[in-house]
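**Student:** Need coordinates for the below:
(chains A and B)
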Amino acid sequence: MFWKKLAQDGRARTGIIHTDHGDILTPTFMPVGTQATVKALDSRDIQETGASVILANTYHLHLRPGEDLIAELGGLHKFMSYPGPMLTDSGGFQVFSLGAQREEKEGSEANNVKIDFDGVNFRSHIDGSSHRFSPEIAIDIQHKLGADIIMNFDICTPDSATFEKAHEAMVITHDWAKRCIEAHKTPGPHAWKQFLFGIIQGANHEKLRRESTEFIASLPFDGIAVGGESIGYNMEMTRATLDWIADILPEDKPRYTMGVGYDPRDMFSVIARGIDIFDCVAPTRVARNGTLYSRETENLKLNIRNAQFAKDTAAIDAWCDCTTCKNYTRAYIHHLFKTDELLAFKLTSVHNIRFLLKLCEEIRAAITEKRFVALANEWNASTLI
RNA sequence: GUGGCCAUAGUGAAAUGGUUAUCACGCGAGUUUGUGGUACUCGCAGUACGGGUUCAAUUCCCGUUGGCCACC
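**Tutor:** The predicted structure follows:
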């Protein structure tokens, strides 16, 4: 069996996902490695954080170096020398984010992204060249990339979508879901098994979210993801959305909230609602800009560039057991930022990822021992669960 | 010692006889959410000192101090 529940405490649950590249203990955070690299980290660094599954991105890898080249070189794992489980996002989110960025820049009319019932036309952010994704194309690319878990090609609905717009996008997403399942029946070039996840949409409308959940759950996906701009970005709406669909989410499949993990406490919000896996670019992105997780501040974050750390010989965080915290002082990392040294990116990325994964380990133990609520209290997250 | 040139945020440079003196670096703080980001946003800080001309001087003149160059 692909996923197996190990323990449960309230709606929070622990489990294990089996892939041909190793097991994933859930709940867990998945570091993002868009371009077949978790920025600033090599394969061994990643494994030292305790990470199992990492993400890569269909959109970016399609543009560079191209899925055919990666397939020819033996797939993503071999290409980037990462032996563990991997997941690829389908490119659906990039259609949304590139369109949104274009609108911001040019005022209106995102004419570089055109969605029709069959697929999406878009332009490369690298050279402006025209490309097209459809459910069949996105699945084919992901087959060639060879991640252990691949994602349904969907339409990521903006926060602001009206009921009508959200409904229209959801109907297309549902049609594409069926087409992805169909396309996934054709085997890819790699020997190992690839699992396919469906994605629930419906924006901020309870009726649509429930309808989408029922539909996606009715299809033979290996796992269920919750997508949309709000997820992760607007935690209050994320919690509300998960509560709306709580009673109809399939029990026997892994559940994935896409984009959750900016704040360590966000993990309590979704795990308390039965979510098993989640990813977020923020932990690594903010790390590269000096924002580091620490239990020693009220909001669990400190800005290591701040002058107050110039002579601070403490570790970033006393609780954290990452290689950065075991070996380096705040003063040193502060210095690396002030001098624009490259080592800063690695040390801080290692820390932020390890911090979240260590918390995931403690959460898994707490669920097993039926003290999830107590742990949430310890982290001042009781109002979030 | 004599002559010449120069003096504008912490640093390096702009500009002007008349609204709030510009830029970069620096310094300080903030942002980041299925990664177009070693990024972005906001803030701090200045006309060497003394006198004169003028309605008005950072700008023109004199002196002081300091620096650079040449000659001795």
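**Student:** could you measure A:Ser134 against A:Asp127, distance?
**Tutor:** 21 Å (Cβ to Cβ, to the nearest Å). The C-beta positions use only the backbone N, C-alpha and C, and glycine is treated the same way.
**Student:** From the neighbour counts alone, determine which of the two ranks first.
**Tutor:** More crowded of A:Ser134 and A:Asp127, by other Cβ atoms under 10 Å: A:Ser134, with 19 against 8.
**Student:** Now do the same contact list for that one.
**Tutor:** By Cβ atoms under 8 Å, 6 or more residues apart in numbering, the contact set of A:Ser134 is A:Asp118, A:Gly119, A:Val120, A:Phe153, A:Trp176, A:Arg179.
**Student:** can you put those in CSV and add neighbour count, secondary structure and pLDDT?
**Tutor:** Shown next, in CSV, are the contacts of A:Ser134 (neighbours: other Cβ atoms under 10 Å; DSSP: H, G, I helix; E, B strand; the rest coil; pLDDT from 0 to 100):
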residue, neighbour count, secondary structure, pLDDT
A:Asp118, 13, coil, 94
A:Gly119, 20, coil, 94
A:Val120, 24, strand, 92
A:Phe153, 29, coil, 97
A:Trp176, 28, helix, 97
A:Arg179, 19, helix, 97
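**Student:** Span of stretch A:50-61 from start to end?
**Tutor:** 25 Å (Cα to Cα, to the nearest Å).
**Student:** got it, and stretch A:191-198?
**Tutor:** First-to-last residue span, stretch A:191-198, Cα to Cα: 22 Å.
**Student:** Buried residues, that stretch. List them.
**Tutor:** Neighbour counts over stretch A:191-198 (16 or more other Cβ atoms under 10 Å) mark A:Gln194, A:Phe195, A:Leu196, A:Phe197, A:Gly198 as buried.
**Student:** Between which two of those is the distance greatest?
**Tutor:** Within those, A:Gln194 and A:Gly198 form the most distant pair, 14.2 Å apart (Cβ to Cβ).
**Student:** what's around the residue in the stretch 151-300 of chain A that RNA strand B sits nearest to, how many residues?
**Tutor:** For the stretch 151-300 of chain A and RNA strand B, the shortest gap (Cβ to the nearest atom of the strand) falls at A:Cys156, measuring 2.3 Å. A:Cys156 has 24 neighbours, counted by other Cβ under 10 Å.
**Student:** One more: A:Glu164?
**Tutor:** 8.
**Student:** and the stretch 1-150 of chain A, which of its residues are near RNA strand B?
**Tutor:** A:32-34, A:38-39, A:55, A:57, A:59-60, A:89-90, A:92-94, A:96-98, A:101-102, A:105, A:125-126 (Cβ under 7 Å from any atom of the strand).
**Student:** which ones among the residues you listed are found in strands?
**Tutor:** A:Leu55, A:Asn57, A:Asp89 (DSSP state E).
**Student:** Could I get the residues you listed in JSON lines, plus columns for pLDDT and neighbour count?
**Tutor:** JSON lines is the format used below for those (pLDDT from 0 to 100; neighbours: other Cβ atoms under 10 Å):
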{"residue": "A:Leu55", "pLDDT": "97", "neighbour count": "21"}
{"residue": "A:Asn57", "pLDDT": "96", "neighbour count": "21"}
{"residue": "A:Asp89", "pLDDT": "96", "neighbour count": "27"}
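**Student:** In a markdown table: those residues, plus distance to A:Arg209.
**Tutor:** Listed next are these as a markdown table, based on distance: Cβ to Cβ, whole Å:
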| residue | distance to A:Arg209 |
| --- | --- |
| A:Leu55 | 24 |
| A:Asn57 | 25 |
| A:Asp89 | 20 |
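**Student:** ok, how many other residues are close to A:Thr368?
**Tutor:** There are 14 residues near A:Thr368, going by other Cβ under 10 Å.
**Student:** now it: how far from A:Arg285?
**Tutor:** 32 Å.
**Student:** Not counting stretch A:116-128 itself, show me its contacts.
**Tutor:** Applying Cβ under 8 Å, 6+ apart, the set of residues contacting stretch A:116-128 is A:63-64, A:94-95, A:98-99, A:112-114, A:129-135, A:137, A:172, A:175.
**Student:** change it to 6 Å
**Tutor:** A:Leu63, A:Val95, A:Asn112, A:Val113, A:Lys114, A:Ser130, A:His131, A:Arg132, A:Phe133, A:Ser134 (Cβ atoms under 6 Å, 6 or more residues apart in numbering).
**Student:** Can you say which of those are buried?
**Tutor:** For these, buried by 16+ other Cβ under 10 Å: A:Leu63, A:Val95, A:Asn112, A:Val113, A:Phe133, A:Ser134.
**Student:** Now the fifth one, what are its backbone angles?
**Tutor:** Recorded main-chain torsions at A:Phe133 are phi -110, psi 140, according to degrees, to the nearest 10.
**Student:** how about the helix or strand containing A:Phe278 against RNA strand B, any contact?
**Tutor:** Element membership for A:Phe278, per DSSP states H and E: strand A:277-279. Yes. Applying Cβ under 7 Å from any atom of the strand, one finds strand A:277-279 in contact with RNA strand B at A:Asp279.
**Student:** follow-up on the earlier one: next step: the contacts of stretch A:116-128 restricted to strands.
**Tutor:** A:Val113, A:Lys114, A:Ser130, A:His131, A:Arg132, A:Phe133.
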